[in-house]
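Participant: Give me the fold of what follows.
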Amino acid sequence: MARTFHIVTLGCPKNRVDSEVIWADVATSGLVAVDDPADAEVIIVNTCAFVQSAVVESLDTIVEMGRYKEAGRCETLVVCGCLTPRFHEELLQELPEVDFFAGPAEAGEIARLLKDPPESRLSCLRERAFLPAAATPRVNSLAAGSAYLKVAEGCSRRCSFCIIPRLRGPQRSRPLDDLVEEASNLAALGIREVVLVAQDLASWGVDLPKKPRLADLVEALAGVAGVGWIRLMYLFPTEVPERLIRVIAENESVLPYLDLPFQHADAEVLKRMRRGGDPETFLTLVERLRKEIPKVVLRTSLMTGFPGEDRAAFERLFDFVERCRFERLGVFIFSPEEGTEAAGLPDPVAKEEAQKRHRELMTLQQEIAGAYHQSLLRSTQAAIVDEELEPGLFTGRLWCQAPEVDGRLTVRGRARAGEIIRVKVTAAGPYDLEGKVL
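Facilitator: Next up, the predicted model:
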């Protein structure tokens, strides 16, 4: 009888793609996937270590999965992902229940490591994370009809608060033809929504021969038969050129949805973050996007409590959000990560104050998001069906809701999981929506 395996994935969509590659690699080697870790002979935990809360979640999950091994249910416990290169020495000492540790570079080699585990319990930690190709076996773990397309790996920027370049290496872009091939493969499998992800999507292509730009890639993907929606995530806000805006506005399959992680809107805080830009430039960009891309929906990520963020700086950030009225917004509290420049910056903000500012922004955003959803009431919108809950009742997302982060749509009527439909919005809250199939 074949051995069984179970994968736990933590962290970002890029990490999810790594897990999809691991799943296919291990299954191809002859193991059988199970939904319950209690039934697994091999448990793989794909970790995140971006911020301290993610580190804690990863460690807690490893300990939890380790209990199955202590109980004699699991034979092999594997830990991979970003936690390993960041804390490998401590992990080897503190987690004896783990059979071996692998890093982001080994995402495509877990089956080989299971067959021939490293003697030291630690596989080779290469500096560059695994970069898939169209020919790389992979399963899709998103809901029916949607899939992530990882267009690049690593990051060559040096934001002062971010440890990702140290964990995953510099930016490496996949060739345009290879990405078009994978998008075509996904479409052949019934995928209608392709979500472009990378640590730095805006820089795609700068490291390739002839230096193609993101607009070239988006334009090429828009020509792939069967792909109904193309969604762009993680666009660095200082790099949204006019041609990219034009490509989005002119191609029906490219959703007017842009994820622009501004992080802050105070010039001095942005300088300390090593992000570049300033509030005037950011406001001009938002105004330009709203003018040139009809019905555009903007998502951003912001941070409170960064060193040097005094009350005046926070109020400038608050005013920025009021003026821009982002339809989608996430707020994070600064976490001083060991190994980053920001961890040693002067003028820290008390945790309680950072949390208070977080609450203020989220209260404002709840009003903004609620007003946007109210504006959708009784309108007809395109939606993708994720899952059938019961006959005639489905969950899904409007075109203005990205997978995993933007709430969900509950819809009644006749539909099929994975298809794009037209719905009339019948109820709206700050995050979730209801509708009926037209």
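Participant: mind listing the strands for the stretch 201-350 of the chain?
Facilitator: Using DSSP state E, counting those that start in this stretch, the strands of the stretch 201-350 of the chain run over residues 229-232, 254-259, 297-304, 328-333.
Participant: closest to L208 out of these?
Facilitator: strand 229-232 (18.3 Å; Cβ to Cβ). The way it works is simple: take the backbone N, C-alpha and C, and place the C-beta from them, glycine included.
Participant: what pairs with the lengthiest strand in the chain, and is each one parallel or antiparallel?
Facilitator: As assigned by DSSP state E, the longest strand anywhere in the chain is strand 380-390. Strand 380-390 pairs in its sheet with strand 393-398 (antiparallel), strand 420-428 (antiparallel), by DSSP bridges.
Participant: any chance of those in TSV, plus distance to I368?
Facilitator: Listed next are those as TSV, based on distance: least, Cβ to Cβ, whole Å:
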stretch	distance to I368
strand 393-398	17
strand 420-428	13
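Participant: Would you state the helices of this protein in chain order?
Facilitator: Remark: helices assigned in the chain by DSSP state H are 13-28, 52-70, 83-94, 110-115, 164-168, 176-188, 214-222, 242-250, 267-273, 279-292, 311-324, 351-376.
Participant: what number of residues lie near E70?
Facilitator: Counted with other Cβ atoms under 10 Å, residues neighbouring E70 total 10.
Participant: picking up where we left off before, looking at the helices of the chain, which is nearest to C155?
Facilitator: Within the helices of the chain, the stretch nearest C155 is helix 164-168; the backing value is 5.0 Å (Cβ to Cβ).
Participant: And that closest one, what's buried?
Facilitator: I164, P165, L167, R168 (16 or more other Cβ atoms under 10 Å).
Participant: Can you give the contact residues for it?
Facilitator: Identification of contacts with helix 164-168 by Cβ atoms under 8 Å, 6 or more residues apart in numbering yields 49-50, 82, 85-86, 103-104, 128-129, 153-158, 199, 339.
Participant: Quick one: closest of the helices of the chain to R138.
Facilitator: Taking these one by one with Cβ to Cβ, helix 13-28 is closest: 4.7 Å.
Participant: mind listing what's buried in that closest one?
Facilitator: For helix 13-28, a neighbour-count test (16+ other Cβ under 10 Å) marks 13-27 as buried.
Participant: what's the distance between the nearest residue to G339 once chain neighbours are set aside and V55?
Facilitator: Spatially, and ignoring its direct neighbours in sequence, G339 is nearest to I163 (5.6 Å; Cβ to Cβ, 6 or more residues apart in numbering). Going from I163 to V55 by Cβ to Cβ, to the nearest Å gives 10 Å.
Participant: who touches both of those two?
Facilitator: Here I163 and V55 share the contacting residues A49, R86, scored by Cβ under 8 Å, 6+ apart.
Participant: that older thread, got a PyMOL select line for the buried ones in the contacts of helix 164-168?
Facilitator: Buried subset of these, written as a PyMOL selection, criterion 16+ other Cβ under 10 Å:
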select buried, resi 49+50+82+85+86+103+104+129+153+154+155+157+199
